[in-house]
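Asker: Quick one, what's the 3D model for this:
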Amino acid sequence: MKGFKYIIAIVFVSLSLSVFSQETKMVKNRRKALAKQEVEKKKAGEEAMEEGKKRHMNIQTKKTKKRMKKQAKKSKALNRQRSGKKKSFFARIFGGK
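Answerer: Numbering: from 1, shown residues only. Sure, this is the predicted structure:
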């Protein structure tokens with residue numbers, strides 16, 4: 001009889017815990033919604049950054065745009081060289097810098 005009481009008690013405890021499982025579903029849904037909001041916020045920030053870059057380029061004169069493009073190209077090549085990455089196939093064959 002003693003063992004039967006323990007089994008009944010365990011069943012009641014497990015049933016009471018299953019009632020609280022709905023709360024965990026609500027928590028999961030809330031976390032999912034917060035994660036989705038975070039992703040949307042990050043995406044909006046990136047879009048705003050791109051829009052700012054476009055606006056900045058449109059404000060510049062033609063000479064300045066050309067100079068900025070040339071400097072960006074040099075910077076990219078230098079960074080690639082510093083990071084130890086290989087040059088492109090054509091640059092290696094034709095000796096491009």
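Asker: Show the residue spans covered by the helices in the chain.
Answerer: With DSSP state H as the criterion, the chain has helices at 2-19, 21-59, 62-83, 89-94.
Asker: In a markdown table: those, plus mean neighbour count and mean pLDDT.
Answerer: Yep, even glycine has a C-beta here, placed from its N, CA and C like the rest. Shown next, in a markdown table, are the helices of the chain (neighbours: other C-beta atoms under 10 Å; pLDDT from 0 to 100):
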| stretch | mean neighbour count | mean pLDDT |
| --- | --- | --- |
| helix 2-19 | 9 | 74 |
| helix 21-59 | 10 | 90 |
| helix 62-83 | 11 | 91 |
| helix 89-94 | 10 | 79 |
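Asker: And the spatially closest residue to K65 that is not a sequence neighbour, how close does it get to V27?
Answerer: Nearest non-adjacent residue to K65, counting by C-beta to C-beta, 6 or more residues apart in numbering: M57, 6.4 Å away. M57 sits 45 Å away from V27, taking C-beta to C-beta, to the nearest Å as the criterion.
Asker: How about T64?
Answerer: 53 Å.
Asker: again with K65
Answerer: 52 Å.
Asker: what do you get for A91?
Answerer: 54 Å.
Asker: same thing with H56?
Answerer: For H56 relative to V27 (C-beta to C-beta), the value is 43 Å.
Asker: Then S88?
Answerer: Distance from S88 to V27, counting by C-beta to C-beta: 51 Å.
Asker: K53 too?
Answerer: 39 Å.
Asker: Equivalent analysis for A48, please.
Answerer: 31 Å.
Asker: Likewise for A33?
Answerer: On the measure of C-beta to C-beta, A33 and V27 end up 11 Å apart.
Asker: Repeat that for A35.
Answerer: With C-beta to C-beta as the criterion, A35 and V27 are 13 Å apart.
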